[in-house]
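Engineer: How does the following fold in three dimensions:
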Amino acid sequence: MSRLLLGLHCLLLLGALSSCREEVELFSSDEIDLEKPEETTAYRGFYLLNEGNMGSNKSTLDFYDFDSGTYSRNIYAEVNPDVPKELGDVGNDLQIYGSKLYAVINVSNKIEVMDAQTATRIGQIEIPNCRYIQFEGKYAYVTSYAGPVEINPDYTQRGFVAKVDTATLQVVDECLVGFQPDELAIVDGKIYVANSGGYMGAGSSDNYERTVSVIDMESFTEEKRIDVAANLHRVRADQRGDLWVSSRGDYKELPSRLFFIDSEKQAVTDTLDIPVSSCYLSGDSLYVCSVSWSYITYSNEITYAIVNTKTREVVTRNFITDGTDEEIEIPYGVMVHPVSGDIFLADAGNYVTPGMLYCFERSGKKKWSVRTGDIPAHFALLKKD
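Structural biologist: Coordinates of the predicted model:
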C-alpha cells in the first residue's frame with residue numbers, strides 16, 4: 001500500500017494510536033560499529049532520511065561513515081538541539097548539492113537546509129506540501145502538491161514546481177504543472193515532472209493524472225505534456241539523456257510499471273513489465289525495489305530487480321542471492337556505492353516502529369544490517385572534502 005494512503009488512514013486512527021505509541025521505544029542519538037568497507041577514497045559516507053509515519057512528527061536523519069564503519073542514528077537532534085520539533089513530519093526527499101544538504105519535509109511544508117559535512121542547520125525553505133528536489137546551476141527546483149493533504153476526487157489545486165535561489169534560500173518563481181506532481185529530472189534545459197493525481201484517484205482510477213510535464217527552464221513555463229500512464233511517481237534520466245518513469249498503477253486492475261521515454265521523440269517508446277516503488281541509477285544499471293499492493297488480492301508483490309537501461313532489459317528480478325529477502329518486510333529505498341558496488345536497502349518494516357538497513361555485496365550476499373529510524377527511505381552520498 002502507498003505510504004500516503006497508509007498515513008492518512010493512520011491519521012484517522014490517531015487517537016487510538018496515541019496510547020499505543022507510548023509503548024514504542026524512542027531512540028535518541030546513538031552509534032553502532034559495523035563492517036568497514038574496502039573502498040573509502042572518494043566518499044566519506046551517506047545520510048539516510050527516515051520518513052516517520054504521517055502525523056507522528058518523527059522524521060529523523062542517520063549517517064553511515066565509510067572510514068570508521070560507524071552508523072549514527074538521529075544525528076539531527078543532537079547537532080541541532082535548539083530546533084523545535086526537530087526535523088518535522090514526513091521526510092520525503094534528501095539531496096546534497098554543493099556544500100548543503102537538503103531534506104524535504106513534506107507535511108511540515110518545508111525544506112531543511114544543513115551543512116553537508118556537519119548536518120548543522122543553515123535555514124529552511126517554506127513550500128507547501130513539498131515533495132522532491134533537483135538542482136541546476138544556482139537554483140533548486142522543488143515539486144509541490146500546493147494544497148492540503150487530502151484524498152479528494154474533486155481536488156482543485158494544481159501543483160507547481162518552485163524555483164529556489166540556493167544562495168538566499170528564497171523562492172523566486174513558480175511554474176504550474178499537473179495535479180500532485182512527484183519526482184522530477186533535468187535534461188538539456190528541460191525539467192520533466194511526473195504528475196500523479198494521487199489525491200484524486202483514490203476513489204476512481206479515472207481521476208489519476210497520467211502525464212509528464214515538460215518545463216522549459218529558460219522561460220520557466222510548461223511547454224507540453226507527455227502521456228504515459230496513471231499515477232506517475234519516479235523519474236530518472238539515464239546516461240543518454242533518455243527518461244525512465246514509473247507508474248504506481250491504481251492498486252487494482254492497473255499494475256505498477258516502468259516506462260521509457262525517448263528524449264528526442266518526446267514520447268513513450270517502451271514499457272517494462274516490472275513494478276517500481278523506489279529505484280537508483282548506477283551507470284547503466286537501474287536498481288529497482290518494489291512493494292506492489294493490490295486491493296484485489298490484499299497482498300504485496302515484492303521485487304528486487306536490475307534493469308539495463310542501455311538494452312532496456314530486465315537483468316534480474318531478485319538481486320538478493322542469499323535468501324535474505326525472506327527477512328525483509330517492506331523494501332522502501334535503495335542505493336548503490338559507486339565504487340564498491342555494495343547495495344544498501346532500506347526496510348520500512350511495519351511503518352510505525354524502527355526499520356532496518358541492509359548492506360549487500362555486489363553479488364547480492366548480505367554483509368550487515370542495522371536498525372534505523374521509522375520508515376528509512378532516502379539516501380544522500382557525501383563526498384570527501
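Engineer: what about the strands in the stretch 151-300 of the chain?
Structural biologist: Ranges of strands in the stretch 151-300 of the chain, per DSSP state E, counting those that start in this stretch, are 160-165, 170-176, 181-187, 190-195, 211-216, 221-227, 232-237, 243-247, 257-262, 267-272, 278-282, 285-294, 299-308.
Engineer: following the lowest-mean-pLDDT helix or strand in the chain, which helix or strand comes up?
Structural biologist: Among the helices and strands of the chain, helix 14-21 carries the lowest confidence by mean pLDDT, DSSP states H and E, at a mean of 38. Sequence-wise, the next helix or strand downstream of helix 14-21 (DSSP states H and E) is strand 30-33.
Engineer: Can you give the strand pairings for that following strand, parallel or anti for each?
Structural biologist: Take DSSP bridges as the rule and strand 30-33 pairs in its sheet with strand 70-73 (antiparallel).
Engineer: what's the residue nearest to residue 163 when sequence neighbours are not counted in contact with, if anything?
Structural biologist: Of all residues not flanking residue 163 in the chain, residue 173 sits nearest, at 4.1 Å (Cβ to Cβ, 6 or more residues apart in numbering). For every residue, glycine as well, the C-beta is placed using N, CA and C. Neighbour list for residue 173: 162-163, 220 [criterion: Cβ atoms under 8 Å, 6 or more residues apart in numbering].
Engineer: likewise residue 257?
Structural biologist: Applying Cβ under 8 Å, 6+ apart to residue 257 gives the contacts 229, 246-247, 249, 271-276.
Engineer: Also residue 253?
Structural biologist: Taking Cβ under 8 Å, 6+ apart, we find residue 253 in contact with 205, 296.
Engineer: Just want the phi and psi numbers for it.
Structural biologist: The phi/psi pair for residue 253 (degrees, to the nearest 10) reads phi -80, psi -30.
Engineer: before we move on, back to that, now do the residue nearest to residue 163 against residue 112, distance only.
Structural biologist: Distance of residue 173 to residue 112, computed by Cβ to Cβ, to the nearest Å: 22 Å.
Engineer: now do residue 192
Structural biologist: Separation of residue 192 from residue 112 (Cβ to Cβ) stands at 26 Å.
Engineer: Closest one to residue 69 out of the contacts of residue 257, please.
Structural biologist: For these, the minimum distance to residue 69 (Cβ to Cβ) is 31.2 Å, reached by residue 276.
Engineer: Wait, that closest one touches residue 286, no?
Structural biologist: No: with contact taken as Cβ atoms under 8 Å, residue 276 and residue 286 are classed as non-touching, separated by 9.0 Å.
Engineer: Those two - which one has more neighbours?
Structural biologist: Using other Cβ atoms under 10 Å as the criterion, residue 276 and residue 286 rank with residue 276 on top: 27 against 24.
Engineer: ok so, going back, nearest to residue 125, out of the strands of the stretch 151-300 of the chain?
Structural biologist: Closest among the strands of the stretch 151-300 of the chain, using Cβ to Cβ: strand 160-165, at 5.7 Å.
Engineer: For that closest one, list every residue counted as buried.
Structural biologist: Buried residues in strand 160-165, defined by neighbour count with 16 or more other Cβ atoms under 10 Å: 160-164.
Engineer: quick one: the closest residue to residue 196 other than its chain neighbours from residue 279, how far?
Structural biologist: Distances taken as Cβ to Cβ, 6+ apart place residue 180 nearest to residue 196, at 4.5 Å, with adjacent residues excluded. Per Cβ to Cβ, residue 180 is found 19 Å from residue 279.
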